[in-house]
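In: structure for this input, please:
(2 chains)
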Amino acid sequence: TQLLEQSPQFLSIQEGENLTVYCNSSSVFSSLQWYRQEPGEGPVLLVTVVTGGEVKKLKRLTFQFGDARKDSSLHITAAQPGDTGLYLCAGDSGAGSYQLTFGKGTKLSVIP
Amino acid sequence: DAGVIQSPRHEVTEMGQEVTLRCKPISGHNSLFWYRQTMMRGLELLIYFNNNVPIDDSGMPEDRFSAKMPNASFSTLKIQPSEPRDSAVYFCASRRTSGVTDTQYFGPGTRLTVL
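Out: Residues are numbered from 1 along each chain as shown, chains lettered A, B, ... in the order given. I've put the predicted structure just below:
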């Protein structure tokens, strides 16, 4: 069974601060996705990383896929209250697999 | 285009009652997923349909749970009889399978409370 561990589980920071959240596994994934989920809504895909060592930027968000494709990080620069939400990582084992393995998420609160 | 539509958004029922959750996937999508989300266990896949055919139901917790997809635009998840431990948020997601890493689009979820 593939597991994804996310840390920290909860994070509360002041507006303008930087933060990094982590997604770790002992398994190799063909790709990894990051989602943000807001209260009362379903997860929304932010980015997919495919290549080991890949870095993708989405405005103030920087996503990195580990060289061995077992881990990933999400860095947010100058956090805004609108960044508040649950951040989920999900791994795709590939080889025609349809199933994503989700971590339990990091709940981020950005205080104005 | 409308996203994934789920109904009801909230359901409160008593233990032992039958519960039916409904999902309309995005038009043109050929894969549909039912997930359950709880604080303790996170987001868990219950069942996956491809072209209206159930492919993998190994995540369905027990025989009290059943899912159907009679056509490409409608799916149901039924719990009979319901129990308090079934309380969770149930999500439906759909995608168009193209052979590469495909985006799953989630509905807003149904929050189920079983008293």
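In: show me what the one helix or strand in chain A whose mean pLDDT sits lowest packs onto, helices and strands only.
Out: Lowest by mean pLDDT, DSSP states H and E among the helices and strands of chain A is strand A:100-102, with a mean of 89. If you count contacts as 3 or more CB pairs under 8 Å, 6 or more residues apart in numbering or on different chains; DSSP states H and E, strand A:100-102 packs onto strand A:85-92, strand B:42-50. C-beta: built from backbone N, CA, C; applies to glycine.
In: not counting its own residues, what contacts that strand?
Out: A:2-4, A:29, A:33, A:88-93, B:42-45, B:104 (CB atoms under 8 Å, 6 or more residues apart in numbering or on different chains).
In: taking these together, which two end up most distant?
Out: A:L3 and B:Q104 (19.5 Å; CB to CB).
In: I'd guessed A:T20 sits against A:A79; true?
Out: No: taking contacts as CB atoms under 8 Å, A:T20 lies outside contact range of A:A79: 11.0 Å.
In: higher neighbour count, those two?
Out: Taking other CB atoms under 10 Å in any protein chain shown, A:T20 and A:A79 do not tie; A:A79 has more neighbours (22 against 14).
In: which non-adjacent residue is nearest the more buried one?
Out: Among residues not flanking A:A79 along the chain, A:V110 sits closest, at 4.6 Å (CB to CB, 6 or more residues apart in numbering or on different chains).
In: what bridges to that neighbour?
Out: A:I13 (DSSP bridges).
In: distance check, it against A:I76.
Out: 9 Å (CB to CB, to the nearest Å).
In: try B:I26
Out: Note on B:I26: its distance to A:I76, by CB to CB, is 29 Å.
In: one more: A:Y35?
Out: Taking CB to CB as the measure, A:Y35 falls 15 Å from A:I76.
In: ok, and the closest non-adjacent residue to the residue of chain A found nearest chain B?
Out: Nearest residue of chain A to chain B: A:G42, at 2.9 Å (CB to the nearest CB). Take A:G42 and drop its neighbours on the chain: the residue closest to it by CB to CB, 6+ apart is B:F106, 2.9 Å away.
In: tell me how many other residues surround that neighbour.
Out: B:F106, neighbours per other CB under 10 Å, totals 22.
In: for it, give me phi and psi.
Out: With angles defined as degrees, to the nearest 10, B:F106 sits at phi -90, psi 150.
In: what residues does chain A put near chain B?
Out: Proximity of chain A to chain B (CB under 8 Å from any CB of the partner chain) is limited to residues A:30-31, A:33, A:40-45, A:48, A:50, A:88, A:92, A:98-100, A:102-105.
In: strands along chain B, start to end?
Out: B:5-7, B:10-13, B:19-24, B:31-38, B:42-50, B:53-56, B:65-71, B:74-79, B:88-95, B:105-106, B:110-114 (DSSP state E).
In: doesn't A:V47 make contact with A:L32?
Out: No: contact criterion CB under 8 Å: A:L32 and A:V47 do not qualify, at 9.0 Å.
In: neighbour-wise, which of these two wins?
Out: Neighbours per residue (other CB under 10 Å) separate A:L32 from A:V47, with A:L32 holding more: 29 against 18.
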